[in-house]
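J.: Quick one, fold the following:
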Amino acid sequence: PTYGATSHMVAVTPDGKRAYTANIADGTVSVLDIPTRSYVSVFPVTRRIEGIAVTPGGEFVWTGSNVVKTVSVIDTKTGAIVRTHEGFEFPYRMAVTPNGRTVLVCDPPLSRIRFFNGLTHDEIGTLTVPADSVGPAAEFAGQAAPEGIIISRDGATAYVALQGSSRVAAIDIATRTIRGYMSVGQAPDGIGYSQVVTGR
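T.: Take a look at the predicted model:
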């Protein structure tokens, strides 16, 4: 049990010990201990949070509000909100690089991906995804709508589902540029990443 209302997205630390759920209806984040399958605590955040990510060491949770239009950075030791970023339309999904140095937040109505320094929590740049190839199934008219996001294990590339243009963009995280596109099914959102390791 999360003891939160409308638990939706979940972020898990790389060591597999902690999970954090964004509870939409009551605006909280629940902390779960994975090995014991038990509830630990809850952090109050703000209204209708959904997108969520956790830093590799589990020190901070980032989560976005769909109605307040902010992203909150939470200190997991104290539950305190240490930074709030504004200016979003819909901070829908987010991800942290494996080294914890960069946080990416997708804002689909504006076709933007915003980049933050994971150590200082400062904003470091924005990538606006071009609106070419946008189809009739676009959730936000005329927008490529970057939604689901996953990062490669080496931390160099982010793969972002473009709901509006039915493609996946491969993004160079260091330069904040699009390397290329992959065509996928109509209106993608959720996304995963797998890597084949040979020689074992």
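J.: give the contact list for the residue lying closest to Arg101 once chain neighbours are set aside.
T.: Leaving aside its sequence neighbours, Arg101 sits nearest to Gly118 (C-beta to C-beta, 6 or more residues apart in numbering; 5.1 Å). Backbone N, C-alpha and C define where each C-beta goes, glycine included. Counting by C-beta atoms under 8 Å, 6 or more residues apart in numbering, Gly118 makes contact with Thr55, Phe60, Val96, Thr97, Gly100, Arg101, Thr102, Val103.
J.: I'd like to know how far Gly118 sits from Gln195.
T.: Between Gly118 and Gln195 the computed distance is 22 Å (C-beta to C-beta, to the nearest Å).
J.: do Phe140 as well
T.: In terms of C-beta to C-beta, Phe140 sits 31 Å off from Gln195.
J.: same question, Arg93
T.: As judged by C-beta to C-beta, Arg93 and Gln195 stand 21 Å apart.
J.: out of these two, which sits in the busier spot?
T.: Remark: of Arg93 and Gln195, Arg93 carries more neighbours, 27 against 7, as counted by other C-beta atoms under 10 Å.
J.: pretty sure that one contacts Asp107?
T.: No - between Arg93 and Asp107 there is no contact under C-beta atoms under 8 Å: 9.4 Å.
J.: thinking again about what came up before, from the contacts of Gly118, which land in strands?
T.: Residues from the contacts of Gly118 lying in strands, with DSSP state E as the criterion: Phe60, Val96, Thr102, Val103.
J.: Who are the contact partners of the last one?
T.: When you say that, I think you mean Val103. By C-beta under 8 Å, 6+ apart, the residues touching Val103 are Ala53, Trp62, Met94, Ala95, Val96, Thr97, Phe115, Phe116, Asn117, Gly118.
J.: so what's Ile178 closest to, chain neighbours aside?
T.: Closest residue to Ile178 apart from its sequence neighbours, by C-beta to C-beta, 6+ apart: Ala169 at 5.2 Å.
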